[in-house]
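Engineer: Model the structure of this input:
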Amino acid sequence: MGLGAVVSAAAIEVVLPTYNGAPYLEAQLASISAQTLRPERVLLRDDGSSDGTEALICQLQERYGAWLQVLPADGNLGCTSNVNRLLQATMAPYVALADQDDLWLPHKLERSLAEMQELEASRGSTTPLLVHGDLELIDAHGERLGCRYLQRQRLDPRRCAPVDLALTNVVTGCTALLNRALLQKALPIPPEALMHDWWLALVASAFGEIALVDEPGVLYRQHGSNVLGAQGLGLAYWRQRLQALLADPAAGGHTRAALQQAELFEQRYGQSISALPALLHLRRRQRWWALLRLPVEQHPWKHGPLRTLGLYGLLAWLPR
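Structural biologist: Numbering: from 1, shown residues only. Next comes the predicted model:
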């Protein structure tokens, strides 16, 4: 008896935001439908596509019937707000996030739910929980590139404590399975959040637990229209980060945005997850000395020495 026979009664919904995803949406939806543990339904909302996605969605509705529920497309909300709208429409005890352009391997949901149920057995179903996994990279044509996302990005998924997640997200949304307790705690996702998956990971880490399924369950498509992709840490990555910083030094790039998100988290929940947001309100010289005086366990460390060195440089240089 396979695992699917044991857990098939559990209700899972999948949320699928779309935006100009016509080339890949049909194949992705087919891969979700073909899961060994088929979700109860898929909730989809288009965010104002102009490439024929809306017409394709109408065809897919005819094919899948009530299993594919399409929410009204009432304007362009942006990625995070679109996902937030979808999550607020869910009712199942478990919800999986999906991207429009990936492919799910057949046992993706089955393995994620097995991990989730193990967590709930030890932590309880009222604890906010998130299960995620690695991804295998493919090109625009679906050919495997021979590497995984966490390896390419040089991320350590074990570093999922709130203080670590405040600076670097290790949860890729399209792999995530959420329990209802997490949604009740995290929603609504603030529009100022950097990304929906980052916010959900912060909440799960601070108030519950995050678990990793080692085996990839998603083929992560890399193409020219990705909102986010597996950029790697080569010269092009560092050049892009430097150019963005030089173009608007006061903005502080990704680092300031991450710390503003941590500050937003503290404002909502009354819980500090990092000492760094408060330091940005100090003058540069005061900030540097305050940083040096932090307890060792509060010293910020990113994934790898180059990232960490860059972080310390930014913290010392950024204006208030």
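Engineer: CA atoms for contacts and neighbours, from now on please.
Structural biologist: Will do.
Engineer: So which bits of stretch 131-145 are buried?
Structural biologist: V131, H132, G133, D134, L135, E136, L137, I138, A140 (16 or more other Cα atoms under 10 Å).
Engineer: got it, and stretch 69-81?
Structural biologist: Buried-residue list, stretch 69-81, by 16+ other Cα under 10 Å: V70, L77, C79, T80, S81.
Engineer: now swap in stretch 28-47 and tell me
Structural biologist: For stretch 28-47, using 16+ other Cα under 10 Å, the buried residues are 28-29, 31-33, 35-47.
Engineer: show me what contacts Y149?
Structural biologist: Residues in contact with Y149 (Cα atoms under 8 Å, 6 or more residues apart in numbering) are D134, L135, E136, L137, A230.
Engineer: pLDDT check: weakest of the residues you listed?
Structural biologist: In terms of pLDDT, A230 ranks lowest among the contacts of Y149, with 49.
Engineer: mind listing the helices for the protein?
Structural biologist: Counting by DSSP state H, the chain has helices at residues 3-7, 22-33, 53-64, 79-88, 108-123, 149-153, 162-165, 180-186, 196-207, 235-247, 253-269, 276-279, 284-292, 305-317.
Engineer: Compare those helices and give me the one nearest G173.
Structural biologist: helix 196-207 (4.8 Å; Cα to Cα).
Engineer: Any buried residues in the closest one, and which?
Structural biologist: H196, D197, W198, W199, L200, A201, L202, V203, A204, S205, A206.
Engineer: Dump the residues you listed into a markdown table; add pLDDT and distance to G310 as well.
Structural biologist: Listed next are the buried residues of helix 196-207 as a markdown table, based on pLDDT from 0 to 100; distance: Cα to Cα, whole Å:
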| residue | pLDDT | distance to G310 |
| --- | --- | --- |
| H196 | 97 | 25 |
| D197 | 98 | 24 |
| W198 | 98 | 21 |
| W199 | 98 | 23 |
| L200 | 98 | 26 |
| A201 | 98 | 24 |
| L202 | 98 | 23 |
| V203 | 98 | 26 |
| A204 | 98 | 27 |
| S205 | 98 | 25 |
| A206 | 98 | 26 |
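Engineer: Using TSV, lay out those together with distance to A11.
Structural biologist: Below are those laid out as TSV (distance: Cα to Cα, whole Å):
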residue	distance to A11
H196	22
D197	21
W198	24
W199	24
L200	20
A201	22
L202	25
V203	23
A204	20
S205	24
A206	26
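Engineer: Nearest to L311 among these?
Structural biologist: W198 (18.7 Å).
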